[in-house]
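Enquirer: Fold the following and give me the result.
(chains A, B and C)
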Amino acid sequence: MMNPPLSHYLLLSALLFSIGFAGAVARRGAILVLIGIELMLNAANLNFIAFWRFGANPQALTGVMFVLFSIAIAAAEVAVGLALVIAIYRQRKTTRLDAMDSLKG
Amino acid sequence: MLNEISFYLLAALTVACAVAAMALRRLVHCALCAAAAFAGLALIYLQLDAEFVGFAQLLVYVGAIAILIVFAVLLTRGEEAAPGGRQSSPSWISGVGIAVLLLAGLLLPILASPSLQHGAPPAPVPSVKRIGEELMTRYVLPLEMVGVLLTAALLGAVVIALREPSDGNLPGNSPAQQRAKTGEAMNL
Amino acid sequence: MNALDQIFVSTLHRLAGFAPASARPLVSMLLIIAGLMALFGTCFALATILERKTLGRMQNRYGPNRVGPFGLFQPIADGVKMLIKEDIVPFSADQALHFLAPLVLTVPVWLAFAVLPFGRNMSAIELDSGILFFFAIGSASELAVFMAGWSSQNKYSLLGAMRAIAQMISYEVPLVLASVPALIAAGSLSLPAIVQAQSGFALGWVPRWNVFTPWGLAGFALFLIAATAESNRCPFDLPEGESELIAGYLTEYSGFKYALFFLGEYLGLFAVTGLAVTLFLGGWQAPAPWLQWLPTWGWFALKFSALIFLFIWARATLPRLRLDQLLHFAWKFLVPLALINLVVAVAWCKSGLWQFPAALEIRWLLGAGVLAASYVGLGRSWKGGYPERRQYNYAQ
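Expert: Numbers count the residues shown, from 1 in each chain, chains lettered A, B, ... in the order given. Alright, predicted model coming up:
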């Protein structure tokens, strides 16, 4: 059962990372920026799993552990981020990032 | 053979869904395409023999985070209904340009190093028992800290998104009471 | 009777033997898929008619009895009606999502049957983390409910979808927490291993099923309640209550798509019932050594039917819960009880090493006592289940 070489997985991960980055920088809705950040996190997780699989010591399970904790922390981050977006929406009635340019509550 | 075909198919699907998630007009479509991209990544983890992580990714990302994003889209409605509003920020060209530069910067080392071109050694599939043992012996401190972090995040999210009673717009009040409360707040 | 027990496995081997050796795993997997789809499709048809007849009998009337003997061909009539109905899609609906929602609901639910052990050596895939696969697949079908509700561009559908999703994610937590003690007792996440851990007979005649322990009994009850809520069945069927929200997120669906939603809901119920049988009722084990002449898949089918009858009975008997009562019930009663159940289960497993006489009685008393005290305490602290009465001022 031949796997593709490691570089293909890393290419996919780099592609996903840059797509997520492009979205996070170019879109102006706060929720879309959050989705972009999640895509970047997922790309990094893919990197970890690929290196774990192709690496020297898969028995140590380091990559798998890292990704498990990363998934848990990403969940916490999305929850708090979206709570913030909802709270700001209640004040400003918009989620556009360029409308949140004053410190007055 | 089957491994390679499945990887390339899944990779194409994931990239397509990711591009759609970042480029579509309607927010709900973006959120659902992002969920599909997460699912595609979970299948790639399965293809890489990381069984537990693949199912955990499905459970957490598709089953919880995607639903959270969708709920947030629903609770902040009206964004895509803005007529004539541009979906991208004014400087989106430079953003995409920087992303392309980033991609080039990541690709150059990957394509240039020969040690990344060889195939996979036959890796053993990690049993859940091993993952549990590792979590309880070597990674017990991160495990406890992630527990504390998740509790803090849960409480924090609830507190941030809580409707304050001073808002006056509780669902139990009649419109007259709501007007009275807002009138008081505005000193009319 | 080992031959009858393994009849499906040996038939599969013989049929797959006709294929060339390289394609044999693929052919056997396709045969298993075809068999499971045929079996559970028939189960779905039978369940619809049996549910209506049982509900009718419990409500002191006959169920459908015109089509065929005792009305048993009613599902065929229903199927033909659903297929020839006009497929109306609202003009302002989101066409792509409206079309995809029934598919996204039904496909993951079929996948959940792949890990259930229907008999000895009879689970389609033997995964090391089988139960995690099951719960992951279950949570993937919640997005389909949202897609259905939102794509119809209809206030009632959207409200119904949001209520349904809130209910499903709230009851996922007690479902998973109630199944964790069974995993602890078995020491594995693989479903055939969980069934194996419940083999044998204590005291010579009591089977070692998980339901015959204090934490198993409480866990079984919790699991069944959470399973009823996960499948949107009465008494938790507010999302599709006809008197509240027309049909909730299913309002704008007609014909074959409605049939697919119906199929998805019933299949979800079957999958979670199969899991309950595996986790708590000993899977395919016979309840007594002298009853082992019935094949293992026969015992699975018997326990499965008993649980389905229990669900139908609950639907006929209990009134519907309101949404806030539902959510209070999940978060303020079921989740603490499930956590206490987990602690009791760990204490039971640890104290299994006690050797002095009357150890079993003491363990039972301690476990059952803690669970009963927490049940009563949590129930009392909940003010009878009703939140504060709100002051409605209509005329000012």
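Enquirer: What is the subsequent helix or strand relative to the helix or strand containing B:Ser94?
Expert: According to DSSP states H and E, B:Ser94 maps onto helix B:92-112. Past helix B:92-112, further along toward the C-terminus, the next helix or strand under DSSP H and E is helix B:128-137.
Enquirer: Is the helix or strand just after that next one positioned near chain C?
Expert: From helix B:128-137 onward toward the C-terminus, using DSSP H and E, the following helix or strand is helix B:140-160. No: in terms of C-beta under 8 Å from any C-beta of the partner chain, no part of helix B:140-160 sits within range of chain C; the closest distance is 11.5 Å. Placement of C-beta: from N, CA and C, glycine included.
Enquirer: Outline the domain layout of chain B.
Expert: According to automatic domain parsing, chain B comprises the domains B:1-77, B:126-188.
Enquirer: The helix holding B:Ser94 - contacts with which helices or strands?
Expert: Counting by 3 or more C-beta pairs under 8 Å, 6 or more residues apart in numbering or on different chains; DSSP states H and E, the packing neighbours recorded for helix B:92-112 are helix A:6-26.
Enquirer: Next, see if the helix it packs on gets close to chain B.
Expert: Yes: residues of helix A:6-26 contacting chain B under C-beta under 8 Å from any C-beta: A:6-12, A:14-23, A:25-26.
Enquirer: Rounded mean pLDDT for that helix, please.
Expert: Mean pLDDT, helix A:6-26: 93.
Enquirer: for stretch B:109-122, same thing?
Expert: Stretch B:109-122 carries an average pLDDT of 78.
Enquirer: end-to-end on that stretch?
Expert: Here the two ends of stretch B:109-122 are set 25 Å apart, with distance taken as C-alpha to C-alpha, to the nearest Å.
Enquirer: For the lengthiest helix in chain A, name the packing helices and strands.
Expert: Longest among the helix segments of chain A by residue count, using DSSP state H, is helix A:62-92. Other elements packing on helix A:62-92 under the criterion 3+ C-beta pairs under 8 Å, 6+ apart are helix A:30-54, helix B:51-57, helix B:66-75, helix B:128-137, helix B:140-160.
Enquirer: So the longest one, near chain C or not?
Expert: So that's helix A:30-54. No: with C-beta under 8 Å from any C-beta as the threshold, helix A:30-54 lies outside contact range of chain C, at a closest distance of 14.5 Å.
Enquirer: Quick check: phi and psi on B:Arg163?
Expert: In terms of degrees, to the nearest 10, the main-chain angles of B:Arg163 are phi -80, psi 120.
Enquirer: same question but for A:Arg96, I mixed them up
Expert: Here A:Arg96 shows phi and psi, under degrees, to the nearest 10, equal to phi -70, psi 130.
Enquirer: how many other residues sit next to residue 68?
Expert: Going with chain A. 25 (other C-beta atoms under 10 Å in any protein chain shown).
Enquirer: The intended chain is chain B.
Expert: Using other C-beta under 10 Å, B:Leu68 has 19 other residues around it.
Enquirer: Would you check that it makes contact with A:Gly81?
Expert: No: shown here, B:Leu68 and A:Gly81 do not form a contact pair, counting by C-beta atoms under 8 Å, at 9.3 Å.
Enquirer: Look at C:Phe118 and give its secondary structure.
Expert: Here C:Phe118 is recorded as coil under DSSP: H, G, I helix; E, B strand; the rest coil.
Enquirer: List the residues that contact it.
Expert: Contacts for C:Phe118 were tallied using C-beta atoms under 8 Å, 6 or more residues apart in numbering or on different chains; they are C:Gly274, C:Trp284, C:Trp297, C:Phe300.
Enquirer: between the residues you listed, which is nearest C:Ser141?
Expert: C:Ser141 lies nearest to C:Gly274 out of the contacts of C:Phe118, by C-beta to C-beta, at 15.9 Å.
Enquirer: thought the closest one was touching C:Phe304?
Expert: Yes: using C-beta under 8 Å, C:Gly274 and C:Phe304 qualify as a contacting pair, with a distance of 6.4 Å.
Enquirer: Of the two, which one has the most company?
Expert: Looking at C:Gly274 and C:Phe304 with other C-beta under 10 Å, you find the greater number of neighbours at C:Gly274, namely 24 against 19.
Enquirer: Next up, the contacts around that one.
Expert: Residues C:Phe113, C:Leu116, C:Phe118, C:Phe300, C:Phe304 are the ones in contact with C:Gly274 under the rule C-beta under 8 Å, 6+ apart.
Enquirer: okay if I get those as JSON lines plus pLDDT?
Expert: Shown next, in JSON lines, are these (pLDDT from 0 to 100):
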{"residue": "C:Phe113", "pLDDT": "93"}
{"residue": "C:Leu116", "pLDDT": "93"}
{"residue": "C:Phe118", "pLDDT": "92"}
{"residue": "C:Phe300", "pLDDT": "94"}
{"residue": "C:Phe304", "pLDDT": "95"}
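Enquirer: Okay, now the unreliable bits of chain B?
Expert: Scanning chain B for pLDDT under 70 picks out the ranges B:78-90, B:165-188.
Enquirer: Buried residues in stretch C:16-23, which are they?
Expert: The neighbour-count criterion (16 or more other C-beta atoms under 10 Å in any protein chain shown) identifies C:Ala16 as the buried residues of stretch C:16-23.
Enquirer: hmm, it in reach of chain A?
Expert: No: legend: contact between stretch C:16-23 and chain A by C-beta under 8 Å from any C-beta is lacking; minimum distance shown is 13.0 Å.
Enquirer: For the stretch 251-396 of chain C, which segments are assigned as helices?
Expert: Chain-ordered helices for the stretch 251-396 of chain C, with DSSP state H, counting those that start in this stretch as the definition, fall at C:256-280, C:296-317, C:323-328, C:335-350, C:359-380.
Enquirer: on that earlier part again, angle of the longest helix of chain A against helix B:66-75?
Expert: What separates the directions of helix A:62-92 and helix B:66-75 is an angle of 10 degrees, with axes from the mean of the first three to the mean of the last three C-alpha atoms, to 10 degrees.
Enquirer: show me the contacts for C:Leu378.
Expert: For C:Leu378, the residues meeting the contact criterion (C-beta under 8 Å, 6+ apart) are C:Lys332, C:Phe333, C:Pro336, C:Leu337.
Enquirer: between the contacts of C:Gly274, which is closest to C:Ala38?
Expert: Distances from C:Ala38 to the contacts of C:Gly274, taken by C-beta to C-beta, are shortest for C:Phe113, at 11.9 Å.
Enquirer: thought that closest one was touching C:Phe40?
Expert: Yes: taking C-beta under 8 Å as the contact criterion, C:Phe113 and C:Phe40 are neighbours in contact, 6.5 Å apart.
Enquirer: Done for today, thanks.
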